[in-house]
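S.K.: take this sequence and fold it.
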Amino acid sequence: MPCFIPVWIRHLALAFWGAVPLLAEATNNPGTHWAFQPLSQAEPPQPKAVGWARTVPDLWILDALERAGIEPSPEADRIAWLRRVHFDLTGLPPTPEEALAFQRDPRPDATERVVESLLQSPAYGERWGQQWLDVVRYADTHGFEVNTERPNAWPYRDYVIRAFNADTPYPDFIRQQLAGDQHGRDAATGFLVTASVLLPGQIGADDISKRLARQDALDEIVVNTAQSFLGLSIGCARCHDHKFDPISSRDYFGMQAFFAGVEYGDRELTDLETQTRREDIRRWKERKAAVVATLSRLEPLARPGTPTGNSPSGSTAARVALKARMNSDRFAAVTTRRIRFTVLETNSLEPCIDELEVWDLESRNVALASLGTQVRSSGDTTVENRHELRFIHDGQYGNSHSWMSHEKGRGWVVLEFPEPRRIDRVSWARDREGVFSDRLATAYRIEVGTDSGDWITVADASDRKPFEGRNPTADEWELPAAALAELDPRSRQQTQTLLDERLRLERAIAGAVASQHAFAGIFRKPDRIHLLRRGDPEQPGPEVSPAVPEVLGTVRLPADAPEPQRRHALANWLTQPNAPLIARVMVNRIWQGHFGTGLVDTPSDFGRTGSRPSHSGLLDWLAREFIANGGSAKHLHRLIVLSSTYRQSSGHRKEAAALDADARLLWRYPARRLDSEPIRDAMLTVSGELNRQRGGRGFDLFDQRGGLSGFKPVESFSAEGLRRMIYAHKVRREPEAVFGAFDCPDAGQSTSRRRESTTPIQALNLWNSRFTLERSSALARRVRREAGSLPQNQVQRAFLLTLSRHATTAEEQEALEALRGQDLEVLCRALLNSNEFLFIP
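M.R.: Purely as a prediction, here's the structure:
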């Protein structure tokens, strides 16, 4: 673990440790540790009951069982295996149709067909990508006390998912994450900067604080690289030679020198995918311009009320109901350098505006700060990283990027363009994500400035009314029904179709523009790296050049090596053919993903303080197989999930448990609870609500996307919030309100293996949360829709949807008895809380 303690405490500790000889020094041959040895070339054993084996790993497992005097368990039933492999490979349950089809499939390769289908599913990368993100502590905030948002972190998350889905060879996966800017994979270098970091404004102004912060930032990169790929706790050598492993302080700073030119920050993407996206943006903008041109001939002026003052147009405009998610005011085109939005009244408290957009005749938002537009206001209520004046035109949507006035019910904002703009529309919202509808402007005025300094009103909404008690659905955005009513039926239909298309294009353009940058590191001229006495930046020793730990290799670069060459050299060393440690670490992570525990149960510590492998021969055979097949994770998945070992029943056997209580010899399949993300995803799947939208900016779990404290959980989700949990905006060190209790990592540090606790809060959360209640209601609606009104059919459908099987006669009778006094929602709620739903069988 890295030493996140003040320097003076380190010095005090070292005063006592100084007389303690290092274990590495006390060991005659430090390189003889098993993990550093070449891979064994031993052939698989030939156990007596060799006919039980389906794949080579079975031979190693069976041999160990026979030597321990333990029989393997019987094969699990087909549905248990099906649910097991579905959850393992995709994190989602099988559909009822998939379960029934597999039960009835007589073909000898039925299981192989299922596995291939799952490995080709996009859901595979979402499940296995999550396990890698746990290891590298991915989050969408910067961490520490300030914990500000990291808005462009998600391209790295999406890269990881795509890499697993493409079965990217593991050597390429390593190279891309260390030097993806040199391999056409810009977003992949987000790996280097996944950890917590203090931004420049959050560090003390003195040079000492800056040097210490820089060391902490570099340390995070070294630690992440070592534990993810090498499975070693090299960070312990920052302040002193490692106490247990043969890693010296010079080794540590030699590794640090590889990253001496890496800074935490956003970088513009230049890879092929981004270039293609830019071409998409160009095409979408051209199409949008054509749509807007057509609308200008069809759409009436959709101002919210009768014009006042010296309005450019004297026509009477349509009156349109206000919406918290989106409002659009169109007026006759006018040229101006300034526009003022004045709130006259709200439905409650101080007015809050999510994003104020001003559109020119080519349908470009000219209000964006990135275009040089300046903003001022009547006064602000500032909540850091949530409500700030700069957020009103930063191009990001949601309550956590909004402006709030300092005066109840009133306030104004002025946008000043760097040059005159010809505009004809203003869009604004209270909260485009639809979570909040308070603080909504119910009366307002839009004015443009003249060269003489006067203001001319172009839209007056002093009597518009908001939607009562609800937010509009997405298809209600920017559809001024009253304005459309003025058109003949044919023009009305054409206009509405064009308005829908314009909205789709604007969303597509906004999403594509937002993905032009990634928090993937900034590369510059490397710092000079010195061996720091006791890890103290104020006690520099001799200069150190980039070099790998001596016990592992001999790669060394000159001290003046250019920045790209450093990361390139390290990546090449890590991916050299037959690298035993690299392969052992990764195949162990894959094995752990299927059985809950790796062959080495300390997956990020293959050093002396870590565990020895339970099946050393199998670990090395898997590593050799992994290398021989180009580092294909999917090849290992096939070997494992089609094995007899994996197909065993999870039933408990007293005589076997007496010899191997933890089932480390795998005499049965070790049943385990689903992780937090698959629980949430499975509930959405069976209720029929799962939004399969993939990639892009994450949905909100809290009312703010970053900040010091006070994160209020979102309790009710719709649309974006019904996506898979891997696509949630992850706030570092802030557990999710319901599923955080199920041992979901908070990204404060690397999680190489999730704990599996059992606590009362888990049961309370899963039974009483609003999320569960809403999923239960949705599941009940689905059951009624698919099974009809007959209670027996409803019970059977509910069991089939949630547990992939029909209810037994006893279960059906018990459920029918419950339905006589309870609603169907209660039965659905009970099934979603059952062990059979929550555990991998």
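
S.K.: and residue 359, how far from residue 208?
M.R.: Distance, residue 359 to residue 208, by C-beta to C-beta, to the nearest Å: 50 Å. For every residue, glycine as well, the C-beta is placed using N, CA and C.

S.K.: so for those two, which residue has more residues nearby?
M.R.: When residue 359 and residue 208 are compared for neighbours, residue 359 comes out ahead with 20 against 11, by other C-beta atoms under 10 Å.

S.K.: any idea of the pLDDT on the more buried one?
M.R.: Looking at residue 359, its pLDDT reads 88.

S.K.: ok, now residue 515?
M.R.: Reported pLDDT for residue 515: 72.

S.K.: please work out how many residues are found near the closest residue to residue 575 other than its chain neighbours.
M.R.: Spatially, and ignoring its direct neighbours in sequence, residue 575 is nearest to residue 171 (3.7 Å; C-beta to C-beta, 6 or more residues apart in numbering). By the criterion of other C-beta under 10 Å, residue 171 has 20 neighbours.

S.K.: contacts only, for residue 171.
M.R.: 575, 630, 631 (C-beta atoms under 8 Å, 6 or more residues apart in numbering).

S.K.: in ChimeraX, how would I select just the buried ones from the residues you listed?
M.R.: Buried subset of these, written as a ChimeraX selection, criterion 16 or more other C-beta atoms under 10 Å:
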select :575,631
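
S.K.: what about the contacts of residue 171, which are in helices?
M.R.: Residues of those located in helices (DSSP state H): none.

S.K.: of the contacts of residue 171, closest to residue 203?
M.R.: Using C-beta to C-beta, residue 575 comes nearest to residue 203 of those, at 34.9 Å.

S.K.: got the CA positions of stretch 342-354 in CSV?
M.R.: Extracted in CSV, the C-alpha atoms of stretch 342-354 (Å, rounded to 0.1, in the frame of the first residue of the first chain):
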residue,chain,number,x,y,z
THR,A,342,-34.9,37.9,-16.4
VAL,A,343,-36.9,35.7,-14.0
LEU,A,344,-40.0,37.4,-12.7
GLU,A,345,-41.5,34.6,-10.7
THR,A,346,-40.8,31.0,-9.7
ASN,A,347,-42.9,28.1,-8.4
SER,A,348,-40.7,28.1,-5.3
LEU,A,349,-37.5,29.6,-3.8
GLU,A,350,-34.6,31.1,-5.8
PRO,A,351,-34.7,30.5,-9.5
CYS,A,352,-32.4,27.8,-10.9
ILE,A,353,-31.4,27.5,-14.5
ASP,A,354,-29.7,24.3,-15.8
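
S.K.: how about that stretch: buried residues?
M.R.: 342, 343, 344, 345, 346, 347, 350, 351, 352, 353, 354.

S.K.: and the fourth one, what are its bridge partners?
M.R.: Here residue 345 sits in beta bridges with residue 443, going by DSSP bridges.

S.K.: just checking, it touches residue 439?
M.R.: No - between residue 345 and residue 439 no contact is recorded; they are 11.4 Å apart, counting by C-beta atoms under 8 Å.

S.K.: let's verify residue 661: helix, strand, or coil?
M.R.: Three-state assignment for residue 661 (DSSP: H, G, I helix; E, B strand; the rest coil): coil.

S.K.: residue 413 too?
M.R.: strand.

S.K.: list the contacts of it.
M.R.: 340, 341, 353, 356, 375, 376, 377, 378, 389, 392, 403.

S.K.: if we go to 7 Å?
M.R.: 341, 356, 375, 377, 392, 403 (C-beta atoms under 7 Å, 6 or more residues apart in numbering).

S.K.: export those residues to a markdown table and append columns for secondary structure and distance to residue 255.
M.R.: Formatted as a markdown table, the contacts of residue 413 follow (DSSP: H, G, I helix; E, B strand; the rest coil; distance: C-beta to C-beta, whole Å):
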| residue | secondary structure | distance to residue 255 |
| --- | --- | --- |
| 341 | strand | 54 |
| 356 | coil | 48 |
| 375 | strand | 46 |
| 377 | strand | 49 |
| 392 | helix | 45 |
| 403 | strand | 45 |
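
S.K.: switch those residues over to a markdown table; also include neighbour count.
M.R.: What follows is these, written out as a markdown table (neighbours: other C-beta atoms under 10 Å):
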| residue | neighbour count |
| --- | --- |
| 341 | 24 |
| 356 | 22 |
| 375 | 18 |
| 377 | 17 |
| 392 | 26 |
| 403 | 25 |
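
S.K.: still on that earlier bit, looking at pLDDT only, which of the buried residues of stretch 342-354 scores worst?
M.R.: For the buried residues of stretch 342-354, the weakest pLDDT value sits at residue 347, with 84.

S.K.: run a quick neighbour tally on the residue lying closest to it once chain neighbours are set aside.
M.R.: Nearest non-adjacent residue to residue 347, counting by C-beta to C-beta, 6+ apart: residue 440, 4.9 Å away. The tally of other residues near residue 440 (other C-beta under 10 Å) stands at 24.
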